[in-house]
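Sharing a sequence plus its predicted fold:
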Amino acid sequence: MPDRTLVMGVVNVTPDSFSDGGRWFDADAAIAHGLELVAAGADILDVGGESTRPGAARVAPEEELRRVVPVIRELAGRGIRVSVDTMRAATAQAAVEAGAEIINDVSAGLADAAMGPIAAETGARYVAMHWRGHSDRMDSLAEYADVAVEVRDELAQRVDDLVAAGVAPEKLILDPGLGFAKRGDQNWELLGRLDVLAGLGLPILVGASRKRFLGAMLPEEASVTDRDLPTAVVSVLSAQAGAWGVRVHDVQGTRRALDVLGAWQSGRRD
């Protein structure tokens, strides 16, 4: 485990992301944005070529590869730690070959049965997120008796399946899947009970950045970027709860907030 919570900066190489509206769809623009995020304090860059916003349609496999591989190759070639955000085993394999160190799979292997064996073969670290279905239907799947316990148990099953496919347990990172088949109150309960998920003994990545449940706290006229301050607060609270990393769009604000937390903690006398 790192001695501080890592900041994973988002690089969306998509034309339809809810958070940035395709600003980095061109490969050169995506690379430049990635370099800006590293300069702002990102420890890892998460490069994705398929939007997973609510209602999003799937992207053709060839198009996803076309979008992400050149960006990953260039960023990794500069010595930057890169993650690939994909649900497809073929994309994950190509990304690792291009230099990605982490596979960030929002489906935890459920969307592509080949993902577990490919993750094992590559030896990359693997983020397994809690997921119940694709973006076009996930909002209808947000039914839980106890969301923290059920997310933990469903992720525990994914861990068992991934390990059975050959993924080393020490390579696994868990993500509670905020916003994916979760209503607003369920997201807050997951965050408030991260210790339940932490009971599985694996690192936790929290991806709250700019999501709808944060927007619900703001005035109707607020922009998506107005969610960055609430995101930074969630990042600090997640770090206090022991999160391995936080996945964010606004790296600079999050890095500053986490630095304040670090300074606060360094001033304590035990």
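Perfect, thanks for sending it.

Every contact and neighbour count from this point should use C-alpha atoms.
Fine.

and residue 255, what element?
Assigned by DSSP states H and E, residue 255 belongs to helix 251-266.

what packs against that helix?
strand 6-12, helix 228-240 (3 or more Cα pairs under 8 Å, 6 or more residues apart in numbering; DSSP states H and E).

List the buried residues of it.
Under the neighbour-count criterion of 16 or more other Cα atoms under 10 Å, helix 251-266 has 251-255, 257-258, 262 buried.

next one: stretch 168-179
Using 16+ other Cα under 10 Å as the test for burial, stretch 168-179 gives 168, 171-179.

which two from those residues end up farthest apart in space?
Farthest-apart pair in the buried residues of stretch 168-179 is 168 and 179; separation 27.6 Å (Cα to Cα).

got the residue ranges for the strands in the stretch 51-200 of the chain?
Using DSSP state E, counting those that start in this stretch, the strands of the stretch 51-200 of the chain run over residues 82-85, 102-105, 125-129, 172-175.

Partner strands of the longest one and their direction?
Spelled out, that is strand 125-129. Strand pairing for strand 125-129, using DSSP bridges, gives strand 102-105 (parallel), strand 172-175 (parallel).

can you give me the mean pLDDT across the last one?
The average of the pLDDT scores along strand 172-175 is 98.

could you dump it to PDB, C-alpha only?
Provided in PDB are the C-alpha atoms of strand 172-175 (Å, rounded to 0.1, in the frame of the first residue of the first chain):
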ATOM      1  CA  LEU A 172      -6.400  -6.600  -7.300                       C
ATOM      2  CA  ILE A 173      -8.000  -3.200  -6.300                       C
ATOM      3  CA  LEU A 174     -11.700  -2.800  -5.500                       C
ATOM      4  CA  ASP A 175     -14.000   0.000  -6.500                       C
END
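
re the thing from before, indicate which one of the helices and strands packed on helix 251-266 is closest to residue 35.
Minimum separation from residue 35 across these (Cα to Cα) falls at strand 6-12, 10.1 Å.

check contacts around residue 261.
Residue 261 makes contact with residue 236, according to Cα atoms under 8 Å, 6 or more residues apart in numbering.

and the strands paired with strand 125-129 as a markdown table, adding distance to residue 135?
As requested, the strands paired with strand 125-129 are exported to a markdown table (distance: least, Cα to Cα, whole Å):
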| stretch | distance to residue 135 |
| --- | --- |
| strand 102-105 | 14 |
| strand 172-175 | 17 |
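
what's the closest of the ones you listed to residue 217?
strand 172-175 (22.7 Å).

Restrict stretch 32-47 to CA atoms and write it as PDB.
What follows is stretch 32-47, C-alpha atoms only, in PDB (Å, rounded to 0.1, in the frame of the first residue of the first chain):
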ATOM      1  CA  ALA A  32      -1.500  17.200 -23.800                       C
ATOM      2  CA  HIS A  33      -4.300  17.000 -21.200                       C
ATOM      3  CA  GLY A  34      -2.600  14.000 -19.600                       C
ATOM      4  CA  LEU A  35       0.600  15.900 -19.300                       C
ATOM      5  CA  GLU A  36      -1.200  18.800 -17.700                       C
ATOM      6  CA  LEU A  37      -2.800  16.400 -15.100                       C
ATOM      7  CA  VAL A  38       0.600  15.000 -14.200                       C
ATOM      8  CA  ALA A  39       2.000  18.500 -13.800                       C
ATOM      9  CA  ALA A  40      -1.000  19.200 -11.500                       C
ATOM     10  CA  GLY A  41      -0.100  16.200  -9.300                       C
ATOM     11  CA  ALA A  42      -1.700  13.100 -10.800                       C
ATOM     12  CA  ASP A  43       0.100   9.900  -9.800                       C
ATOM     13  CA  ILE A  44      -1.700   7.800 -12.500                       C
ATOM     14  CA  LEU A  45      -3.500   8.700 -15.700                       C
ATOM     15  CA  ASP A  46      -6.700   6.600 -16.500                       C
ATOM     16  CA  VAL A  47      -7.200   6.600 -20.300                       C
END
